[in-house]
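S.K.: sequence and predicted structure, then a few things I'm wondering about:
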Amino acid sequence: MVSHATTKRGNSNGNNEAQPILNQRGRELQKYGTLRDLPIGMDRKVRGESCELLNQILADTAILYNLYKKHHWLVAGHTFYQLHLLFDKHAEEQLELVDLLAERVQSLGGIAVSDPRHVAEITKIERPPNGAEEVPEMISRLLEAHEIIIKETRAAVEKTEESKDWGSNDILMSDVLRRNELQVWFVAEHLVDAPLVHESGNSSRER
């Protein structure tokens, strides 16, 4: 039974029917780590294992999303414009993955990790300093986070294939793995020490 805050409600005798019922609290309907039984033709043990795998990747993906947003805001230097836009684009793509992963956990009957404090307890990604870092450090942190997620995803792809959880397998391979691999390529190229102009260019034209 949900307990409501004491609020006067009534007819037109001075009471306000439009008054929101505030400060409501109730019992927890489903605890994290438990499953509801849904008619999707999948063994309960398999669903539980998949939820655990997906929630780990979900937590790390949520952290990566926030890492991209942090760097989007704090990046500076001569590559500011390019990286400012790239980091924001990657953040939005990671946010799409967060939604996909969370909805998959829910569709399996589980509870998706969602509260930021809970995410922080679960994630395997190292916490960055609260302030700004130089661009190479920012990029290195992003690549390290991507690698953690990619390794987790590859392992989860194998396990969901073994358990025949094809729905989770498809999301992990087609969306999570491919998106992270592509973003790694785009980000890693910014660490290549390649000058814009080579001095040898002038001598080659003189020949």
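M.R.: Thanks, I have the structure now. Numbers count the residues shown, from 1 in each chain.

S.K.: where does this structure dip in pLDDT?
M.R.: Counting by pLDDT under 70, the ranges of the chain that qualify are 1-14, 196, 198, 200-207.

S.K.: 80 instead, please
M.R.: 1-16, 194-207 (pLDDT under 80).

S.K.: for it, which segments count as helices?
M.R.: 44-74, 80-107, 116-122, 135-162, 166-170, 178-188, 200-206 (DSSP state H).

S.K.: count of neighbours near Arg178?
M.R.: 12 (other CB atoms under 10 Å). (C-beta placed from N, C-alpha, C; glycine too.)

S.K.: hmm, His90 and Gln183 touching each other?
M.R.: Yes. Assessed by CB atoms under 8 Å, Gln183 is found in contact with His90 at 5.2 Å.

S.K.: out of these two, which sits in the busier spot?
M.R.: His90 (25 against 22).

S.K.: I figured that one hits Val184, correct?
M.R.: No. Applying CB under 8 Å as the test, His90 and Val184 come out as separate, 10.1 Å apart.

S.K.: and for Leu22, the neighbour number?
M.R.: 8.

S.K.: list the residues that contact Glu181.
M.R.: Residues in contact with Glu181 (CB atoms under 8 Å, 6 or more residues apart in numbering) are Ile150.

S.K.: how near is it to Gly33?
M.R.: With distances taken as CB to CB, to the nearest Å, Glu181 is found 30 Å from Gly33.

S.K.: then Thr153?
M.R.: 21 Å.

S.K.: between these two, point out the one with more neighbours.
M.R.: Taking neighbours as other CB under 10 Å, Thr153 and Gly33 compare with Thr153 leading, 26 against 12.
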